[in-house]
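Visitor: Whatever this is, show me its structure:
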Amino acid sequence: MNIDFARQQMLDHQVRAWAVLDSRVLDALGSVPREKFVPSGLASLAFADTEIPIGHGQEMMTPTVEGRVLQALDLYPTDTVLEIGTGSGFLTACLATLAGSVTSVDIFEDFVALTAERLEENGIGNVQLATLDATQALPAGEFDAIAITGSIQTFDPRYVMALKHGGRLFVVVGDAPVMDARLVTRTGEHDWRTESLFETRLRPLVNGSLPAQFSF
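Guide: Next up, the predicted model:
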């Protein structure tokens with residue numbers, strides 16, 4: 001496989017074709033070697049428009065969804081980012097390429113350990129990793145942006161409260177087969193604005209079901 005050709009085909013015929021036109025996002029997706037973040041033996045799928053199994057019943061998002069996540073968050077070099085669901089570490093690396101610092105948490109310790117190795121191998125040093133169940137607790141502090149890489153059944157406002165005023169949250173809410181990808185922007189102490197971006201389907205965040213009174 002010609003990796004450079006496959007990467008460019010991914011960008012031109014998958015990511016751009018799904019309205020990801022931000023040059024910074026395209027540069028990030030093109031500069032982070034996606035083939036080094038897929039499980040051993042699945043490198044041939046690295047640039048395919050398909051979810052890739054990574055263990056524990058979890059999957060790596062498609063390049064198109066990763067592109068939409070990055071574009072929606074509109075990251076800048078001064079931003080602090082929280083990623084909930086480290087997974088393969090590829091989106092982590094892309095977030096770190098675009099932002100000032102990234103805190104990434106995952107409930108699976110082996111995902112965190114493997115991502116630490118992959119980030120070090122690729123010279124990415126502005127990421128803090130932790131093993132944590134984000135449905136129970138969140139890292140301290142407020143963030144400019146939060147990306148949740150698994151779906152949640154019902155919206156949880158705790159994630160908005162972890163944003164700075166003006167901060168952006170990408171989250172997928174609902175049940176299969178059709179879920180709603182949303183950009184939520186914190187506008188005040190207890191207020192936020194929600195934009196529905198597209199319909200998709202993501203594997204649920206572990207322990208991502210919440211009581212119905214949190215819906216909106």
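Visitor: tell me the helices in this protein, going along the chain?
Guide: Assigned by DSSP state H, the chain shows helices spanning 3-10, 23-31, 63-73, 90-98, 109-121, 158-161.
Visitor: To Arg168, which of those lies closest?
Guide: helix 63-73 (5.3 Å; C-beta to C-beta). In this view, the C-beta of every residue, glycine as well, is placed from N, C-alpha and C.
Visitor: sorry, back to before: save the helices of the chain as TSV, and put in mean neighbour count too.
Guide: Written out in TSV, the entries for the helices of the chain read as follows (neighbours: other C-beta atoms under 10 Å):
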stretch	mean neighbour count
helix 3-10	14
helix 23-31	17
helix 63-73	23
helix 90-98	25
helix 109-121	16
helix 158-161	17
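Visitor: which stretches of the chain have low pLDDT?
Guide: Along the chain, the parts satisfying pLDDT under 70 run over 209-216.
Visitor: One more pass at 90, please.
Guide: In the predicted model, the chain carries pLDDT under 90 at residues 1, 176-178, 207-216.
Visitor: for the longest strand seen in it, the distance to its chain's centre please.
Guide: If you go by DSSP state E, the chain has its longest strand at strand 163-173. How far strand 163-173 lies from its chain's middle: 12 Å, per C-alpha atoms, centre = their mean, to the nearest Å.
Visitor: That strand packs against which elements?
Guide: If you count contacts as 3 or more C-beta pairs under 8 Å, 6 or more residues apart in numbering; DSSP states H and E, strand 163-173 packs onto helix 63-73, strand 143-148, helix 158-161, strand 179-186.
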